[in-house]
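Q: Need the 3D shape of this:
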Amino acid sequence: IRALIIYQIPMIPTRFQDLEKIVRKNRHTDKFWNNFSFSAPPPDKLKELIDKSSILARISNGIALQSGLMDGSIKIEDAVAELLNFGTLKVSDVVGFNVDSVKQLAGKMKQLPTSLDKAVVDLETAALKWNELRLKANELKNYLDIPKKGEYFQKLKDFKTALQDDSLDDFQDTVTSVNALLKIFQDVNIGKRLASVKENELYQNFVSFRGYSEQLSKQITELKTNMPTLDSNGILADGNKMFGPIETVVTMIKSRYGILTVSSTESIDIMKANLLQVKNLLQFLDSSRQASPTLTSLIKSRTFPDANEKKTTVGFLDGALDLEQLSKDVWDSWIENFTNDKVTGTRLANSLKPIIEFQKQLADLNEKLKPLSLPTVPLSFLEFSNLQNILFTIKSDPIGSETVIDNFEECGGKGTFVRETGYKPTLDAVQAVKKLTAMFIGLKDSVQQPHLDKLKNEYNTFFSSFGFEKFEDVDKSKTQLITVIQKMRASKSLEKFKTFFVKATHGLNTKVSDIKETIDTVLNGENDVDNFLGLSKEKEVHDCLVGLKDEPEILITAIGVIQQLRDLDSAKVQNVENLASAVSSVKNELKSLGSIPDTMKKDAKEITTEINQWPESLKSSGEIGRSVALLSQANDFKTLVSSGDLDKFDAPVQAQIEAIKDGDEQKRIKTLWGNHSEFLNTIKIANQEIETTGANLKLAEIKTFEDYGTVMKTSLEGMKDVKIDVKNKVEALDALIPLTKAPAELEKIKKTLQHLESLDLAFSSHSSHFQKVPNAFKSLYDFLVKFSIEPTQAPPPHSENAPPTQVLLNSGALQNDTVGTQNEEKKDDYLILSIVLPLLVILISIPIAIYLLYRFKMLCFKPKGYVCPVDFMDEDESHLRPVSEDLMVIMVSKQVYMTHAEFFVFWMKLLMLVKNEKRNENRPRPYRKLNKLKYYDISILLNPWSTPQTVRIHGNFLRTWRNVFLAMQSPMEQSDIHMDTRADFYALIIQDEVEFVVMLGPTPASGSYYCERVGEKMTIDSYEIETVSAQPFPEGPHDVVFRKIKVSLVKDGKKIASRTFSQFQYTTWTEDFLPPNFELCYRLMEVITVSSKPIVVHCTTGTDRTMAFIGLEYVSRHMELHDGLTFEHSFAKLTEKRFNSFCSAQSIGWLQAGCIYFLTINHGLDLYMSQRAHSVFWEMVNDGTGVPQIAHGTRWT
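A: Predicted structure coming up:
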């Protein structure tokens, strides 16, 4: 009966595709539609190629992934991390993410914009102004008794008397005449022939031009002869330095009068309540800041999945979404039609059931994580992180700091009221001194510049280039005028000479009459320049403010935090809270991933085992997947460019740039954004090449899987690499977005550009993959055809028009069913017993084992600490921009104009600052002190706050403007007093992904961590080290050796990790020898600061040389970012990071001269000030100028 029933049931299509075939064969075309014709757009061949090959990529990767998960060659955690677009994060990183701390901090922050009382805003502003006055007072010297005042005014009178020569005015008149002639040469309309009058006039102009050569030469000599007058009166150039503090005092008086708000008991109580709310945030700060990098990385990798590196899921470009598509791909009728039914979808679908079931679990996780890739997320979290960093600057309990306001007001009460009429004569006199000083320095610098010395030769060379055969022959020379002018314009020699002439005469446009008039103003104010009613009382105010020391810092920092929190957008903080909740919702499910492979194996059928046998499936699927990915990214690029969206970006950005009021900032952002038309031209040319490649595809000739591979290979070979740099544009948008009230449009532009940046269009770098893709496709086809053959005898083929039938292969199936059922029941009984008994044993053993572990404090019950975070001690200032060029010139000038003796005293003062610093190696637990045997010199203590913790070495991290440096002592070999620290050094290299190491000094006899000869290898502990290459530093002399060193971590004969880093060894920089100039250090710093990873710098002790080298970047950048900061302030910040940082004043002097050089080169300033600092330093070192006799021949210690 059973057989009869089965036989009589018509064959029902088992798949939708089978039903579709039947319908297609029997339907009739609707004749109505034949009356119409449609003009469809031309097919996108490239997209069609990608669509079809993507199906094969997903199927091939599905087989490889399923096989790898089931046999253990692919870890489930690795596959899930790639499919959920975790980027560089591991599943364990996400599971260990401290969600609660972020949610709690965000929840508290969200309430503050409304809960922080605004009634004390004016009082907060007053406190900030008082603190500005305190900082200025700290910089003021004794301005009531100006030394050398009488000498200054006497020298000024003498200079005025001597200033009778008119050479400067004569020189200016000549320069004006030469410029007029050059303009005539440039603008004259020569045509084909010159009229006689015009010809005579033009020839006379050339005669005059030649005559000015000797005249200029004579006048320059006279100018230089008169310059000793300035040299012998050098004190005149120090006028601004002498009297400048008085102007600062007047400015401070004005500021003090502007502080109108005074405190009251009520306002102090309100401020205290606000401070308490800030304090309550701090308890969540440390743990939430530790979680921030994880969340930042997760947001980036989920937002831009194209940039994520894939190893086991290359065929699933969109991660879990593509894996979901796999369940549809296996039923796609295209595969059967294309292979003439040699590959069957039914067996394919049944064999991949384990991976498809896995996909269903993953889809739920992917959906929960969607909030991380919403458009508003990156900016919201960036603002949240910035607030975390600001809160972190509050190092102490802010409660109680509000009492500082009373101290401020008490100091203000010591002063007296001064009317503007009282201090105006003093201010006028000081400003006249300032103007006169600028005149003196400008004249002196201009006369001494090298271009002026070259002017005569350049002038004569330019005239000779005219090509007159014999200039004195008037008639012949007139016939050559047209040719001369044409030649002058064609060769652009006129433009070049004009540029040189402007440089040579720049700064020499000051009139003698102006100098005399300014001198008179200064002399008339001799009695007023440092004297007005109330000046001495103002000194009492300043002394009181200085006496407060650093006491106000806690309050000032807290006020800054409060003001930022008031302006906080609660909706953005809510976004952060949502992010944390999204991650929290998947943590438990991620923890249970380990059971998935076992489930897959348990539920697997024989057909799954068969599909898993594809040889080298991961390798072949990888070749296919990477090639498809390259084509997909090329198509994304084409789609993006063809959409025209990029063409619309310039207008809104330019509108925002024009709205910026700060001229320097506007210019900076405009430069970053760049010429958008040129940018568009570049990408459109690249797009045209990709479109041409797509249009030329011959898809009709594709008959096999292998043909798909061949077409893909040919296409990728024909595509040129596309190089697009949008980093500056993104940086410009980062600067504009906070300034914009409605940033949505700019945020959209930024996201589009970031997507463009994430595309991998370097096709040539992947040739090793797409060259093999035809063979990979052939391997897939051959295997699938073989796999699709049923293992049992198939029924005979029947006509497609015959009625559907079902054939019963086993007619005895009914009789055997009972026996089979009984056997199955027995097997089930044994199976239950085999599971239950071990479970009982395990359940009894577990409590006993837990008790024993707890009793003896073993494994998980063993007390543990956690690794202390590195405190960089400096805020991240990568968002800041340098001050204007004018302020930069003033900053550099202040450093240069000291005598040799003054420099010596100043540098010794800074050395004493280092020697007297407070050094404490203690830090609260769980910090672990470094083993004393890892100290090269135990007298050089280790700053515990900024030293590495995961790898223990004697070194400290320093954060500069855009880089992180690690200053450390050189690695050491094992000895009686030292441990071998070379393995620790290489552990740090691999762990922190270090790209550059700078070694200062020759290779030591003991402690070498690399081989000098190329190709040689050495082994240190578990590390294998090979010197890959060595050569002189490309842009410098042979003082620096540039090496490529490869380090591999080897365990049990297998390489676990390897890294190649660049080492620069400055061989001639020893403890007793300082580099004679700074060019080489500057070039070296240019190379290494491109790295986003920590830059390691080491010498024997990791101080002095190391800190001087890092200081060139740290101090110069610190000064250029902060208006008003001196070298002394920035040097003090540097020395906080590493104890015993300098051991000689000579190194400090070298550092200051070097910083001036770095500032000069970085911002295109005149080299004169740098050259002066350089010459003063080496005159002191080599000749002992200004150095006490007792210190001659020493390093000034």
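Q: Report how far apart the opening and closing residues of stretch 112-119 are.
A: 14 Å (CA to CA, to the nearest Å).
Q: pLDDT of it, averaged?
A: The pLDDT scores in stretch 112-119 average 89.
Q: what does that stretch rub up against?
A: Stretch 112-119 is contacted from outside by 267, 270, 273, 274, 277, 281, 562, 565, 566, 567, 568, 570, using CB atoms under 8 Å, 6 or more residues apart in numbering. C-beta coordinates here come from the backbone N, C-alpha and C atoms, glycine included.
Q: Recalculate using a threshold of 6 Å.
A: 270, 274, 562, 565, 566, 568, 570 (CB atoms under 6 Å, 6 or more residues apart in numbering).
Q: Report the buried members of those residues.
A: Among those, the ones that count as buried by 16 or more other CB atoms under 10 Å are 270, 274, 562, 565, 566, 568.
Q: Contact partners for the last one?
A: Taking CB under 6 Å, 6+ apart as the definition of contact, the neighbours of residue 568 are residue 113.
Q: and the gap between it and residue 113?
A: 5 Å (CB to CB, to the nearest Å).
Q: pull the helix or strand with minimum mean pLDDT from this structure.
A: Least confident helix or strand of the chain, by mean pLDDT, DSSP states H and E, is helix 2-8 with a mean of 34.
Q: thinking again about what came up before, sort out for me which of the buried ones among the contacts of stretch 112-119 are in helices.
A: 270, 274, 562, 565, 566 (DSSP state H).
Q: pLDDT score assigned to residue 1196?
A: pLDDT at residue 1196 comes out at 91.
Q: what's the burial count for it?
A: By other CB atoms under 10 Å, 19 other residues sit near residue 1196.
Q: Find the nearest non-adjacent residue to it, please.
A: Leaving out its chain neighbours, the residue that sits closest to residue 1196 by CB to CB, 6 or more residues apart in numbering is residue 1145, at 3.8 Å.
Q: Quick one: residues contacting that neighbour.
A: Taking CB under 6 Å, 6+ apart as the test, what residue 1145 contacts is 907, 908, 911, 1196.
Q: Can you give me the distance of it to residue 1185?
A: In terms of CB to CB, residue 1145 sits 15 Å off from residue 1185.
Q: same check, this time on residue 103
A: 65 Å.
Q: of the two, who's got more company?
A: Higher neighbour count among residue 103 and residue 1185: residue 103, with 20 against 15, using other CB under 10 Å.
Q: quick one, what contacts the closest residue to that one other than its chain neighbours?
A: Leaving aside its chain neighbours, residue 103 sits nearest to residue 580 (4.6 Å; criterion: CB to CB, 6+ apart). With contacts defined as CB under 6 Å, 6+ apart, residue 580 is in contact with 99, 102, 103.
Q: What ranges does the stretch 251-400 of the chain have for its helices?
A: Assigned by DSSP state H, counting those that start in this stretch, the stretch 251-400 of the chain shows helices spanning 265-282, 285-303, 320-329, 333-338, 345-351, 353-368, 377-392.
Q: next one: stretch 767-778 to chain centre, how far?
A: Averaging C-alpha positions (CA atoms, centre = their mean, to the nearest Å) puts stretch 767-778 36 Å from its chain's average.
Q: Stretch 1058-1065 too?
A: On CA atoms, centre = their mean, the centre of stretch 1058-1065 falls 21 Å from that of its chain.
Q: And the host helix or strand of residue 677, what's buried?
A: Assigned by DSSP states H and E, residue 677 belongs to helix 676-695. Using 16+ other CB under 10 Å as the test for burial, helix 676-695 gives 676, 679, 680, 683, 686, 687, 690, 691, 693, 694.
Q: Give the next helix or strand downstream of that helix.
A: According to DSSP H and E, the helix or strand after helix 676-695 is helix 705-718.
Q: by contact count, what packs against that following helix?
A: helix 773-787 (3 or more CB pairs under 6 Å, 6 or more residues apart in numbering; DSSP states H and E).
Q: For the helix it packs on, buried residues please.
A: Buried residues in helix 773-787, counting neighbours by 16+ other CB under 10 Å, are found at 773, 774, 776, 777, 778, 779, 780, 781, 783, 784, 787.
Q: now, which of these sits nearest residue 1099?
A: residue 773 (50.9 Å; CB to CB).
Q: my read: that closest one touches residue 628, true?
A: No. Look at residue 773 against residue 628 with CB atoms under 6 Å: they stay out of range, at 8.7 Å.
Q: picking that back up, need the buried ones among the contacts of stretch 112-119 in TSV (columns: distance to residue 480 and pLDDT).
A: Output for the buried ones among the contacts of stretch 112-119, formatted as TSV (distance: CB to CB, whole Å; pLDDT from 0 to 100):
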residue	distance to residue 480	pLDDT
270	87	92
274	84	91
562	78	89
565	78	86
566	77	87
568	76	81
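Q: JSON lines for those, including distance to residue 767?
A: Output for the buried ones among the contacts of stretch 112-119, formatted as JSON lines (distance: CB to CB, whole Å):
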{"residue": "270", "distance to residue 767": "69"}
{"residue": "274", "distance to residue 767": "63"}
{"residue": "562", "distance to residue 767": "58"}
{"residue": "565", "distance to residue 767": "54"}
{"residue": "566", "distance to residue 767": "57"}
{"residue": "568", "distance to residue 767": "51"}
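Q: Generate a markdown table for the buried residues of helix 773-787, with distance to residue 1132 and pLDDT as supplementary columns.
A: As requested, the buried residues of helix 773-787 are exported to a markdown table (distance: CB to CB, whole Å; pLDDT from 0 to 100):
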| residue | distance to residue 1132 | pLDDT |
| --- | --- | --- |
| 773 | 61 | 86 |
| 774 | 66 | 90 |
| 776 | 62 | 90 |
| 777 | 66 | 89 |
| 778 | 69 | 91 |
| 779 | 67 | 91 |
| 780 | 66 | 92 |
| 781 | 71 | 90 |
| 783 | 70 | 91 |
| 784 | 71 | 91 |
| 787 | 73 | 90 |
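Q: Would you convert those into CSV that also reports distance to residue 199?
A: What follows is the buried residues of helix 773-787, written out as CSV (distance: CB to CB, whole Å):
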residue, distance to residue 199
773, 75
774, 76
776, 80
777, 80
778, 83
779, 85
780, 85
781, 86
783, 90
784, 90
787, 95
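Q: Tell me the one among those nearest to residue 1150.
A: Nearest member of these to residue 1150, counting by CB to CB, is residue 773, at 58.1 Å.
Q: Straight-line length of stretch 314-326, end to end?
A: For stretch 314-326, the separation between the terminal residues is 13 Å (CA to CA).
Q: try stretch 394-411
A: When the termini of stretch 394-411 are compared using CA to CA, they are 25 Å apart.
Q: Likewise for stretch 360-379?
A: 32 Å.
Q: Count residues in the vicinity of the residue nearest to residue 152 when sequence neighbours are not counted, would you?
A: Nearest residue to residue 152, sequence neighbours excluded (CB to CB, 6+ apart): residue 235, at 5.5 Å. Using other CB under 10 Å, residue 235 has 15 other residues around it.
Q: Check the gap between residue 235 and residue 243 for me.
A: Using CB to CB, we find residue 235 at a distance of 12 Å from residue 243.
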